[in-house]
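Peer 1: Provided below for reference: sequence and predicted model.
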Amino acid sequence: MKPLLLIFYVAFLVLCPLLVFSQGFLNGIDDKLLKHIFDASKDIDSWVVALRRDLHTIPEPGFKEHQTAAYIRNVLDFLEVNYTSGLAHGTGILAEVSIPGTSGDAGEVVVVLRADMDALPVLEPSGILFRSNNEGWMHACGHDGHVAMLLGAAALLKHYEQLHLLSPSSSSLSSVLSSPTPRPRMVVRLAFQPAEEGGAGGDVLVQQGAMANAAAAFGIHLMPHLPSGIVGVRDGTIMAGAISFHITVKGRGGHAAMPHTNRDPIVATAHLITALQTLVSRETSPLGSAVLSVTFIHGGDAYNVIPAQVVIGGTIRALSRPQLSHLQRRLTEQTQLVARALGCEAQVDWREDEQPYYPPTVNDPHMARLVAEIASSEAVTALAAEYPTEPLMAGEDFAFFCEAGPCALAFLGIRDEERGVGIAPLHSPLYIMDETMLRQGAALHTAVALAVLHARVPGGLDLTVLDSGASLGVAEKLASFRSSFHRDSLGSCVRTE
């Protein structure tokens, strides 16, 4: 009988934290902590907006975000947050706010927060106060805001550490320290990731340890299709898998007046583009989701010459790996058969080296519900949850984080039509975000990280420090950070106050 009781006891110790975590952050974290976090974010409001505007002036291509990485390092140095730089081909950064555990082999509980940092080859219109200084490049997908929010979260987490919310010297942790049960090290890892826009920088950073020992990970994408303050999240797939294709149709060129002596690749390509649409309309379930888009055609440059070849390219997208694999296989088959039927040959290049395959981004159900629970709390008055939100057919390399552990990606709405912001879509030269949402995103990052730690660490966080009414008091320090910077530190990317 005793062995059986021992088995039940061990099973309880193993499963209890998982069951608590699966029920959101109900393990003692109440609205008091959430209210404190979101109230404290008022102290960083103007600061994160200023960071975002600085970052907006220095948009850079994937894996070449050297000014951006230097800016991030300076902020982390100021906040006294430890980090490792030079990752992911040189510009990736992994920072940590961590609290040592007690003696013994207790391991660690790691929560990962992620922001992407690259820009797009978009020409930004003139007339904007903080317009891009790198001509032909623009932060048209909100990654400047993503970085600013994560730096804001770093400031909040660092000061909560100084309030002893996380510190082992706090009262509730003293009892844990005096007990024989070892307490694990608590880590919030901040992943500043390069090359989301096609370079799969997320995959590279994960391979270099971004998700090592991670209990969970969380990311935010600012979205103009949602009203400001709406947090869109869902269980399962939230963004599609995507891969690009490059097709070369080869014929035999010649005089346009004698097509019978040639093999016309333009006619073959025209048939092919039409035929490829049936992969979605006739080979994909009406209840499924897939997109095939041909986005460019290059062929010929004279009015009286049939060219020798035509090149087309585009993307295919689907919400599951099997569906995407099916579309890849059938696109290759159909391309070759259609070209051959019209006397031509065709080759398909999936461009894995230039623009790697992105798998679907699949949210862990427990993490997704946790995010929705925080956003819908009565204590968080500036946010509301849209759960489940509709998935998007765009690709996102946060998917690689999600393949490595429990994750959630959430959309944070930035569209305020009355104020005329967030009207243009992502990747538009007219893209403008609602900057009032930046501090809300920083607070959401912080809340998710602390909720996971509270649920997964024995004894949880010491919430009694919040009863003192102590404020973070970070406003003055952050203001001094802005005025202490000089242009020489980062070239022209920082404007002093």
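Peer 2: Perfect, thanks for sending it.
Peer 1: going forward, measure contacts and count neighbours with C-alpha atoms only.
Peer 2: Will do.
Peer 1: okay, now the unreliable bits of the stretch 351-497 of the chain?
Peer 2: Residues of the stretch 351-497 of the chain meeting the criterion pLDDT under 70: 468-477, 479-497.
Peer 1: just the strands in it please.
Peer 2: According to DSSP state E, counting those that start in this stretch, the stretch 351-497 of the chain carries its strands in the segments 361-363, 384-386, 407-415.
Peer 1: note down every partner strand of the second one and its orientation.
Peer 2: Applying DSSP bridges, strand 384-386 is found paired with strand 230-232 (parallel).
Peer 1: each with direction, which strands does the lengthiest strand in the chain pair with?
Peer 2: In the chain, taking DSSP state E as the definition, the longest strand is strand 214-227. With DSSP bridges as the test, strand 214-227 is paired with strand 108-116 (parallel), strand 407-415 (parallel).
Peer 1: what about that strand, distance to the chain center?
Peer 2: Offset of strand 214-227 from its chain centre (CA atoms, centre = their mean, to the nearest Å): 6 Å.
Peer 1: pull out the buried positions in it.
Peer 2: Buried residues in strand 214-227, counted by 16 or more other CA atoms under 10 Å: 214-227.
Peer 1: which among those gets closest to residue 127?
Peer 2: Distance to residue 127 across those (CA to CA) is lowest for residue 224, with 21.4 Å.
Peer 1: and that closest one, how far is that from residue 114?
Peer 2: Here the criterion is CA to CA, to the nearest Å. By it, residue 224 lies 20 Å from residue 114.
Peer 1: what of residue 467?
Peer 2: In terms of CA to CA, residue 467 sits 31 Å off from residue 114.
Peer 1: tell me which of these two has more neighbours.
Peer 2: Shown here are residue 467 and residue 114; by other CA atoms under 10 Å, residue 114 has more neighbours (25 against 8).
Peer 1: I'd say the more buried one and residue 221 touch.
Peer 2: No - between residue 114 and residue 221 there is no contact under CA atoms under 8 Å: 10.1 Å.
Peer 1: can you give me the end-to-end span of stretch 229-240?
Peer 2: Length of stretch 229-240, first residue to last, CA to CA: 24 Å.
Peer 1: related to what we said a few turns ago, okay, the strands of the stretch 351-497 of the chain in JSON lines with mean neighbour count next?
Peer 2: Output for the strands of the stretch 351-497 of the chain, formatted as JSON lines (neighbours: other CA atoms under 10 Å):
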{"stretch": "strand 361-363", "mean neighbour count": "27"}
{"stretch": "strand 384-386", "mean neighbour count": "21"}
{"stretch": "strand 407-415", "mean neighbour count": "27"}
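Peer 1: now those strands in CSV, with distance to residue 128?
Peer 2: Formatted as CSV, the strands of the stretch 351-497 of the chain follow (distance: least, CA to CA, whole Å):
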stretch, distance to residue 128
strand 361-363, 34
strand 384-386, 31
strand 407-415, 18
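Peer 1: mind checking these for the one nearest to residue 154?
Peer 2: Residue 154 lies closest to strand 407-415 among the strands of the stretch 351-497 of the chain, at 18.5 Å (CA to CA).
Peer 1: ok, residues contacting the closest one?
Peer 2: Outside strand 407-415, the residues that touch it by CA atoms under 8 Å, 6 or more residues apart in numbering are 216-234, 238, 361-364, 367-368, 371, 398, 401-402, 421-423, 433-435, 437, 441.
Peer 1: distance from the chain centre to that strand, please.
Peer 2: With CA atoms, centre = their mean, you get 9 Å for strand 407-415.
Peer 1: same question for stretch 245-252.
Peer 2: Relative to the centre of its chain, stretch 245-252 is centred 35 Å away, using CA atoms, centre = their mean.
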